[in-house]
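Trainee: sequence first, predicted model second:
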Amino acid sequence: MIHIAIVDDEERIRLGMAKLISQIDEKYKVIASYSSAYEMLANLSGLKVDLVITDIKMPNLTGLELIAKAKEARPDIFYAILSGFDDFTYAREAIRQGAVDYLLKPVDKSDLKRLLDKVEHSLEQRRNAGRPKAEDFLKLLLINDASRLPASLMEEAEKELEHVPLLLGKFAVFAAKGAPLPMMDKMKEMAMTSPWECIVLERDDKTIIVLFAIGGSEHADSLKQLGQVLLLKMSAAFRGRIGCSHVLEGARSLRLAYLQAEQAIERSWYSEGKAAFQSYGAIGSKQDYPGTLLQLDKAFRDALALAQYDKAEQALRQWAVDVAKRCPSWNDLQDACAAMYSLIDTAHNAPGAGHSSGPALLPPDAFADWRQFQDDFLTRMLEQMAELKASRQENRVIEKVKAYINQHFTEEMDLTRLAEEVYLTPSYLSKLFKTETGETLTDYHISARIERAKQLLKEDLSLKTYEVGERVGYLDPAYFNKIFKKTVGCTPKEYRERVR
């Protein structure tokens, strides 16, 4: 019996696929159906299926992204893509992610049967070959928390890895992260010809994992020597970091070893130079208290709140210097940078400020080293601060123009004179005012006059309506009546009677 799961955001597709599969042969059975990738991932650990058929285009998480995530935790499952796109690019990407087939909608029964037969044949071959290769189980235990894996899968992995000689003694995990990485064929050739017993695995397109057997008692020297060997195996153009774990033993230590290697990479990431090696044992035990990085931004926060942008820039650069000394984890660094970036976002959204902040920050592991990350982060922050500063300056211009108009509303509008007051050209001032306020200078001038006229009509009953018009700059009573009615909706006389 071949057990199958269907993932598609359309119920009719899921039901149709289940019906079509049941018509092919009773040995193929759909036992699970999910309306989203996230729903399937939530049930992945306990999912007892041989094949997952997923739609390629779904909200939030695509079928290709689902396969990439699912294969890390469950490499024992086969995956196939269901798509309405007859596009070679999609098909190639599906195969690259590990899909065994690419079915086009509407699904042809013969194509579906070919897929099911292929999976059945592959399962039979796997059973005959003793399940997934040791390499697959090594990746499984390196990347996943063993306590969260199905007990049966964990037992199978441990049983398979009992036959891996390297894991029978002490070992260390090395991870190389960066680009460009050597081709896997070259790395595996190194493993075969190396005087040290080792296994080479590809984590992703930017990470290679190497397990080395460690003998003797001088572990620290051995690890350092192996780290230098790996650095030499990288190309001259390689920019990245290599980290290694403590010396450990036992398959259940694989995950811990990989995490230690990653922490070593994160610490080495702060060092100078385009390539470097760091062992976990040389990191030291010093840890920052929670929130320390956030406390470092106080000077920046205060300067930004006071719109003191030069001081804010100085504080920002000093903050970067302090971060480089502390070498925080990537998670802590990302949280701290996001908190600082949000200060800019808050300032942008403050009344009278700019419009919106820039694009989201890239995570630390998107960069080869701290220097690259720092340059990108500072550039983004300074660009946003420059935009904010310009916005605040423009806002001050608008407020000054409004104040001038409110003081001289009885006079005729003189755009040239107004522009001279704020040191701008008349055309730029007109455009800026309309952009920032939504109304023209002429409209605002009229509004100022009419607001004063309304006040006089209400508070000084001794004034005739034409006298009110003269007081606010309209010497022609007929024109005053016309503009007042157009703005307020009634004549000056009607307004006075209404507000008495």
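Mentor: It's in.

Trainee: and the chain, what are its domain boundaries?
Mentor: Domain assignment for the chain by automatic domain parsing gives 2-130, 135-282, 292-382, 415-499.

Trainee: against which helices or strands is whichever strand or helix holds Leu231 packed?
Mentor: Per DSSP states H and E, Leu231 falls inside helix 219-233. Packing partners of helix 219-233 (3 or more Cβ pairs under 8 Å, 6 or more residues apart in numbering; DSSP states H and E): strand 170-179, helix 184-193, strand 239-244, strand 275-279. To be clear about C-beta, it is placed using only N, CA and C from the backbone, and glycine gets the same treatment.

Trainee: that helix vs strand 239-244, what angle?
Mentor: 150 degrees (axes from the mean of the first three to the mean of the last three Cα atoms, to 10 degrees).

Trainee: buried set for helix 219-233?
Mentor: Neighbour-count burial for helix 219-233 flags 219, 222-224, 226-227, 229-231, 233 (criterion: 16 or more other Cβ atoms under 10 Å).

Trainee: what do you get for stretch 244-256?
Mentor: Result for stretch 244-256 [16+ other Cβ under 10 Å]: buried residues 244-248, 251, 253-256.

Trainee: what does stretch 326-336 give?
Mentor: Those would be 327-328, 330, 332-334, 336, for stretch 326-336 by 16+ other Cβ under 10 Å.

Trainee: which pair of those spans the longest distance?
Mentor: Cys327 and Gln334 (14.0 Å; Cβ to Cβ).

Trainee: now the helix holding Leu231 - C-alpha only, PDB.
Mentor: Extracted in PDB, the C-alpha atoms of helix 219-233 (Å, rounded to 0.1, in the frame of the first residue of the first chain):
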ATOM      1  CA  HIS A 219      42.300  17.800  20.200                       C
ATOM      2  CA  ALA A 220      42.800  21.600  20.100                       C
ATOM      3  CA  ASP A 221      45.800  21.400  17.800                       C
ATOM      4  CA  SER A 222      44.000  18.800  15.600                       C
ATOM      5  CA  LEU A 223      41.000  21.000  15.200                       C
ATOM      6  CA  LYS A 224      43.100  24.100  14.300                       C
ATOM      7  CA  GLN A 225      45.100  22.100  11.800                       C
ATOM      8  CA  LEU A 226      41.900  20.700  10.200                       C
ATOM      9  CA  GLY A 227      40.400  24.200  10.000                       C
ATOM     10  CA  GLN A 228      43.500  25.500   8.200                       C
ATOM     11  CA  VAL A 229      43.300  22.500   5.800                       C
ATOM     12  CA  LEU A 230      39.700  23.400   4.900                       C
ATOM     13  CA  LEU A 231      40.600  27.000   4.400                       C
ATOM     14  CA  LEU A 232      43.200  26.000   1.900                       C
ATOM     15  CA  LYS A 233      40.600  23.800   0.100                       C
END
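
Trainee: average model confidence for that helix?
Mentor: Helix 219-233 carries an average pLDDT of 82.

Trainee: how far away is Phe277 from Lys170?
Mentor: Look at Phe277 and Lys170: by Cβ to Cβ, to the nearest Å, they are 20 Å apart.

Trainee: those two: which has the busier surroundings?
Mentor: Applying other Cβ atoms under 10 Å to Phe277 and Lys170 shows that Phe277 carries more neighbours, namely 23 against 18.

Trainee: find the nearest non-adjacent residue to that one, please.
Mentor: The shortest distance from Phe277 to any residue other than its chain neighbours is 3.7 Å, reached at Gly227 (Cβ to Cβ, 6 or more residues apart in numbering).

Trainee: just checking, that neighbour touches Tyr280?
Mentor: No - counting by Cβ atoms under 8 Å, Gly227 stays clear of Tyr280, with 11.1 Å between them.

Trainee: overlap of the contact sets of these two?
Mentor: Taking Cβ atoms under 8 Å, 6 or more residues apart in numbering as the contact rule, Gly227 and Tyr280 both touch Cys244.

Trainee: quick check on Leu51: phi, psi?
Mentor: phi -140, psi 140 (degrees, to the nearest 10).

Trainee: still on that earlier bit, which of the buried residues of stretch 244-256 sit farthest apart?
Mentor: Most distant of the buried residues of stretch 244-256, by Cβ to Cβ, are Cys244 and Ala251, 18.3 Å apart.

Trainee: so what are the sheet partners of the helix or strand harbouring Leu201 and their directions?
Mentor: Using DSSP H and E, Leu201 sits within strand 198-204. With DSSP bridges as the test, strand 198-204 is paired with strand 207-213 (antiparallel).

Trainee: next, the angle from the strand it pairs with to strand 170-179.
Mentor: Using the same axes, to 10 degrees: strand 207-213 against strand 170-179 is 160 degrees.

Trainee: can you tell me what sits against strand 207-213?
Mentor: By Cβ under 8 Å, 6+ apart, the list of residues contacting strand 207-213 reads 138, 142, 165-166, 169-177, 181-182, 184, 187, 191, 196-203, 226, 230, 258, 261.

Trainee: and those residues, which are buried?
Mentor: 138, 142, 166, 170-177, 181-182, 187, 196, 198-201, 203, 226, 230, 258, 261.

Trainee: same list (the buried residues of stretch 244-256) but as CSV, adding distance to Leu424 and pLDDT.
Mentor: Converted to CSV, these look like this (distance: Cβ to Cβ, whole Å; pLDDT from 0 to 100):
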residue, distance to Leu424, pLDDT
Cys244, 61, 95
Ser245, 63, 95
His246, 65, 93
Val247, 70, 92
Leu248, 68, 93
Ala251, 72, 88
Ser253, 69, 92
Leu254, 66, 93
Arg255, 63, 94
Leu256, 64, 95
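
Trainee: okay, now Asp376: neighbour count?
Mentor: 14.

Trainee: can you tell me the element it falls in?
Mentor: Judged by DSSP H and E, Asp376 forms part of helix 370-407.

Trainee: for the closest residue to Ala276 other than its chain neighbours, give its distance to Phe277.
Mentor: Excluding the flanking residues, the one nearest Ala276 by Cβ to Cβ, 6+ apart is Ser268, at 4.9 Å. Computed as Cβ to Cβ, the Ser268 to Phe277 distance reads 7 Å.

Trainee: now do Ser253 against Trp269, distance only.
Mentor: 24 Å.

Trainee: same check, this time on Ala73
Mentor: 26 Å.

Trainee: show me which of the two is the more surrounded one.
Mentor: Using other Cβ under 10 Å, the more surrounded residue of Ala73 and Trp269 is Trp269, with 26 against 20.

Trainee: ok, now which ones touch that one?
Mentor: 241, 330, 364, 369-370.

Trainee: redo that, cut-off 10 Å
Mentor: For Trp269, the contact set (Cβ atoms under 10 Å, 6 or more residues apart in numbering) comprises 177-178, 240-241, 243, 276, 278, 327, 330, 333, 364-365, 367-373.

Trainee: next: Asp55.
Mentor: 6-10, 13-14, 17, 36-37, 62-63, 66, 81-84, 105.

Trainee: any of those residues buried? List them.
Mentor: Buried members of the contacts of Asp55, scored by 16+ other Cβ under 10 Å, are 6-9, 13-14, 17, 36-37, 62-63, 66, 81-83, 105.
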